[in-house]
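Student: here's my sequence, what's the structure:
(one chain, ligands or ions: 1)
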Amino acid sequence: MAASAVPTPTLRRLPKYYHYLKRIQGEGQEIISATQMAEDLGIHHTQVRKDLAATGSQGKPKVGHRVADLLASIETFLNWNSASDACLVGAGNLGSALLGYPGFDKAGIRITAAFDAHPSKVGKKIHGVPVYPVDKLEEVIRRLHITIGILTIPADRAQHVAEVMVQGGIRAMWNFAPITLDVPEDIIVENVELYASLAIFSRKLSERGTFRG
Ligand SMILES: NC(=O)c1ccc[n+]([C@@H]2O[C@H](COP(=O)([O-])OP(=O)(O)OC[C@H]3O[C@@H](n4cnc5c(N)ncnc54)[C@H](O)[C@@H]3O)[C@@H](O)[C@H]2O)c1
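Tutor: This next block holds a predicted model:
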């Protein structure tokens, strides 16, 4: 059965809670209250309670939550403990860095294939992941039953690649290319916008007069 929809801001906060909980667990803490979490993370306690309730985790009044239980609830809720295979298209600067990032495993994503159009990349392995020619994209996705596609290609190539991914059976896309993809409604698309974050960061720096010159 499909999971019910949860507000995106809640989904964005859960990894923050997760890393916080991992840290305090590493320090030997076994019980935590929502109030303490809220204080440490600078998030309103009502919000923290709501977010934790969304994961189905129930603390004990006046006692709090068991840290291990909370971690398990978040993992299950975010689907982190059922691994899905992913492919990455565009093994350039960003793509290669993502291929070398070990943290996706923990989030239940295993990149099993990469694709590129450049002959110097095809046939090699980058961080242990084989790079196939992009014209084999649909075939390999089908053969390896890959359901997640990561797009780290130039923007003007992304729409075409997205369409081929859909034909091959991709159900969810993590899109780093600065373009709005036009795909069927049932395909999940999550756009990553480093530039938006950078714009906020630069503006804050300039407001504080931190830039030299
Ligand atoms: N969203 C973000 O936060 C963010 C951050 C950095 C870069 N980007 C975007 O990510 C993309 C990649 O950036 P980069 O710096 O890694 O570029 P890059 O030029 O280093 O890498 C692009 C790779 O794509 C390959 N490629 C080109 N056309 C292809 C095709 N049709 N099929 C398969 N492979 C193809 C190239 O051979 C190259 O290896 C760009 O669209 C860039 O704007 C996004």
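Student: C-alpha only now, for contacts and for neighbours.
Tutor: Noted.
Student: what residues sit buried inside the biggest helix by length in the chain?
Tutor: As assigned by DSSP state H, the longest helix anywhere in the chain is helix 8-26. Using 16 or more other C-alpha atoms under 10 Å as the test for burial, helix 8-26 gives 10, 11, 14, 15, 17, 18, 20, 21, 22, 25.
Student: can you give me the neighbour number for the residue nearest to the third one when sequence neighbours are not counted?
Tutor: The reference is to residue 14. Spatial nearest neighbour of residue 14, excluding adjacent residues (C-alpha to C-alpha, 6 or more residues apart in numbering): residue 74 at 7.0 Å. Applying other C-alpha atoms under 10 Å, we find 23 other residues in the vicinity of residue 74.
Student: wait, what's in contact with the nearest residue in space to residue 153 that is not next to it in sequence?
Tutor: Residue nearest to residue 153 in three dimensions, not counting chain neighbours: residue 90, with 4.5 Å by C-alpha to C-alpha, 6+ apart. Counting by C-alpha atoms under 8 Å, 6 or more residues apart in numbering, residue 90 touches 114, 115, 116, 117, 151, 152, 153, 154.
Student: near the ligand, which residues of this structure?
Tutor: 89-95, 115-118, 134, 152-155, 157, 176-178, 192-195 (C-alpha under 6 Å from any ligand atom).
Student: let's go with 8 Å and repeat that
Tutor: With C-alpha under 8 Å from any ligand atom as the criterion, the chain comes near the ligand at residues 89-96, 115-118, 121, 133-135, 151-158, 160-161, 175-178, 191-196.
Student: out of those, which end up buried?
Tutor: 89-91, 95-96, 115-117, 121, 133-134, 151-153, 155, 158, 161, 175-178, 191.
Student: just these: which are in helices?
Tutor: Using DSSP H, these in helices are 95, 96, 155, 158, 161.
Student: if I look at residue 5, what pLDDT would I see?
Tutor: At residue 5, the model reports a pLDDT of 78.
Student: now the one 4 residues further on
Tutor: Here the pLDDT value assigned to residue 9 is 90.
Student: the one 3 residues further on now?
Tutor: Looking at residue 12, its pLDDT stands at 88.
Student: over to residue 105?
Tutor: At residue 105, pLDDT is 82.
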